[in-house]
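Student: Quick one, what's the 3D model for this:
(one chain, ligands or ions: 1)
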Amino acid sequence: MRRLKTGLLAFAAAVSMILTVGVSPVAQAGEWPTDKECKKVAKDADSVIKGWCVAVNRRGGNCLACHQAMVSPWPEGFPTGGNIAPPLVAMKARYPNREDLRAQIWDPTVKNPNTSMPPFGKHKLISEQDIDNLVDWLLSI
Ligand code: HEC
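Tutor: Here you go, the predicted model:
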């Protein structure tokens with residue numbers, strides 16, 4: 001009997017661990033809103049979610065017009081990104097210095113004068129706050 005109890009406790013602990021891990025911000029089901037759902041995202045929402053919303057907003061960053069973004073799970077029925085630019089993936093590993101990533105969004109023409117990527121900050125296409133939120137989001141994927 002005692003053994004059974006210990007076994008059950010271990011099982012319960014394992015289940016609760018899985019549940020806790022399952023609630024980590026990026027893995028939660030329905031975590032990434034579609035562009036329509038983004039309109040209902042609260043003003044005090046997490047900067048990571050706000051950054052994603054800037055990226056998917058066609059009148060905002062519109063990053064998905066050119067890039068695919070490796071978020072999971074992908075929002076159901078939401079069109080995947082374009083493939084004329086490198087996929088936005090493993091950003092934290094590739095951009096250990098946050099400022100480098102911000103600079104790429106602020107003015108990509110510094111690195112590549114012929115790039116098709118718009119200079120979002122330099123031309124004030126989106127706000128500085130939007131760029132900060134974008135960087136927060138990118139560093140989370
Ligand atoms: C019109 C197409 C287009 C749009 C829109 C666009 N990009 Fe890009 N982006 C590119 C291209 C093309 C490159 C490849 C490098 C280059 O040409 O300078 C690039 C490169 C990058 C890079 C560096 C490459 C890498 O994987 O590290 C980052 C980061 C990036 N884009 C982020 C963004 C974000 C964030 C947005 C939205 C705010 C965005 N891009 C919108 C075309 C685009």
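Student: So Gln104 is in contact with Asn112, correct?
Tutor: No. Assessed by C-beta atoms under 8 Å, Gln104 is found out of contact with Asn112, at 9.7 Å. From N, CA and C alone the C-beta is placed, and that goes for glycine too.
Student: of the two, who's got more company?
Tutor: Taking neighbours as other C-beta atoms under 10 Å, Gln104 and Asn112 compare with Gln104 leading, 18 against 10.
Student: ok, the more buried one - contacts?
Tutor: Lys111 (C-beta atoms under 8 Å, 6 or more residues apart in numbering).
Student: secondary structure element for it?
Tutor: In the assignment (DSSP states H and E), Gln104 maps to helix 98-106.
Student: Now do the helix or strand following that helix: everything it contacts.
Tutor: Under the assignment DSSP H and E, the closest C-terminal helix or strand after helix 98-106 is helix 128-138. With C-beta under 8 Å, 6+ apart as the contact definition, helix 128-138 has outside contacts at 47-52, 54-55, 60-61, 63, 88, 91, 95, 98, 101-102, 105-106, 120-121, 126.
Student: Quick check on those: which are buried?
Tutor: For the contacts of helix 128-138, a burial check counting by 16 or more other C-beta atoms under 10 Å picks out 48-52, 54-55, 60-61, 63, 88, 91, 95, 101-102, 105-106, 120-121, 126.
Student: From these, pick out the ones that also neighbour the ligand.
Tutor: Ala55, Gly61, Cys63, Leu101, Ile105, Phe120 (C-beta under 6 Å from any ligand atom).
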